[in-house]
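Peer 1: What follows is a predicted structure for the sequence shown.
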Amino acid sequence: MTPEEAAQRLAADPGRTALCCDFDGTLAPIVDDPADSALPEGTREALWLLARRLGRVALVSGRPAGFLLERAAIEGIALYGLYGLEEAEADGTVRPHPDVAPWEDAVGEAKAWLATELDGHPGIVIEDKGRSVAVHWRHALDHARAELIVGVTVDTIAEATGLTAEPGKLVAELRPPVPVDKGDVVARVAADAAVVAYAGDDRGDIPAFAAARRRGGIAIGVDHGVETADEVRAACDVLLDGVAAFGTWLDGLAARLAP
Ligand SMILES: O=P(O)(O)OC[C@H]1O[C@H](O[C@H]2O[C@H](CO)[C@@H](O)[C@H](O)[C@H]2O)[C@H](O)[C@@H](O)[C@@H]1O
């Protein structure tokens, strides 16, 4: 499927169409420091327009819902964080999945353990995500070596605490083993939709691509060259070359739907 064909399908019955997007690497360009990630202004405007033209628009991210509220709150757009473990309410509060609370101590233990174990390893950075924790090595000079160090540490902590280890782009995460993923969120958001599309770039997006396809929808991949896993490309119906190309595609869709 071409990007043009994907846009045509989404525009055919806009009121009954659901569009779900990942945040980092899809809407926001990949940056060295996760704290610097931001939604480009043009993309924010396109999403604002789309929220007024499509049946449902949602952001489904690995970031905490609180982060999405700070960086990507747009009226009419639902925000789901931590791969579906958190949801932002209309009043700006965050509702965690009810099964997450019992894992609070284990996540706290993991954060302390990671800090002790990885202290002194240059280029390895811990991201405290509240109800989960991630370890990044984008800053490390030797990515392969840093990945090995982080992988061994994260696997050891996962085994000891019962938390689940999840891979990402130059990052590994420890999160509560609650069986919820982005695919569950997409299925819920698109329950009443005639057409559904999910746009993402990483392995954590694969369940969401699959959920869109199960509904006869479209899996849109944002390609980042060597950083894009083969299984991500294989899970998509259409590929766009980077965040800027996806932003342009969103703009085009919004323009197509304008009155
Ligand atoms: O589901 P997403 O919205 O794509 O979030 C996935 C993870 O994204 C962030 O990490 C990635 O983006 C960073 C900023 O561009 C980059 O520095 C890092 O290397 C990437 O892995 C975020 O920090 C994680 O918490 C998210 O889980």
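Peer 2: Thanks, I have the structure now. Numbers count the residues shown, from 1 in each chain.

Peer 1: Okay, helices next: where are they in the stretch 151-259 of the chain?
Peer 2: 182-189, 206-214, 230-234, 243-257 (DSSP state H, counting those that start in this stretch).

Peer 1: List the buried residues for the shortest one?
Peer 2: Right, the one you point to is helix 230-234. Val232 (16 or more other CB atoms under 10 Å). (Glycine included, C-beta is placed from N, CA and C.)

Peer 1: The second one now?
Peer 2: For helix 206-214, a neighbour-count test (16+ other CB under 10 Å) marks 206-213 as buried.

Peer 1: Can you give the contact residues for it?
Peer 2: 20, 22, 60, 181-187, 190, 196-198, 200, 218-219, 221, 231-232, 235-237 (CB atoms under 8 Å, 6 or more residues apart in numbering).

Peer 1: average pLDDT across that helix?
Peer 2: Computed over helix 206-214, the mean pLDDT rounds to 97.

Peer 1: Distance from the chain centre to that helix, please.
Peer 2: 13 Å (CA atoms, centre = their mean, to the nearest Å).

Peer 1: For the chain, what lies in contact range of the ligand?
Peer 2: By the rule CB under 6 Å from any ligand atom, the part of the chain lying against the ligand is 22-25, 30-32, 34, 37, 61-63, 127, 129, 134, 136, 138, 168-171, 202, 204.

Peer 1: residue contacts, Asp155?
Peer 2: Ala165.

Peer 1: again, but for Thr161
Peer 2: Contacts of Thr161 by CB under 8 Å, 6+ apart are 106, 109-110, 174.

Peer 1: now do 10 Å
Peer 2: By CB atoms under 10 Å, 6 or more residues apart in numbering, the contact set of Thr161 is 103, 105-110, 113, 174, 176-177.

Peer 1: ok, now Ala112?
Peer 2: Val133.

Peer 1: Can you name the element that comes right after the host helix or strand of it?
Peer 2: According to DSSP states H and E, Ala112 maps onto helix 104-118. Under the assignment DSSP H and E, the closest C-terminal helix or strand after helix 104-118 is strand 125-128.

Peer 1: tell me what whatever helix or strand comes next after that following strand is packed against?
Peer 2: Using DSSP H and E, the helix or strand that directly follows strand 125-128 along the chain is strand 133-136. Judged by 3 or more CB pairs under 10 Å, 6 or more residues apart in numbering; DSSP states H and E, the packing partners of strand 133-136 are helix 104-118, strand 125-128, helix 143-161, strand 164-168, strand 171-175.

Peer 1: Could you rerun that using 8 Å?
Peer 2: Judged by 3 or more CB pairs under 8 Å, 6 or more residues apart in numbering; DSSP states H and E, strand 133-136 is in contact with helix 104-118, strand 125-128, helix 143-161, strand 171-175.

Peer 1: Columns mean pLDDT on top of those, output as a markdown table?
Peer 2: Below are those laid out as a markdown table (pLDDT from 0 to 100):
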| stretch | mean pLDDT |
| --- | --- |
| helix 104-118 | 97 |
| strand 125-128 | 96 |
| helix 143-161 | 97 |
| strand 171-175 | 97 |
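
Peer 1: If anything else comes up later, I'll come back, but that's it for now.
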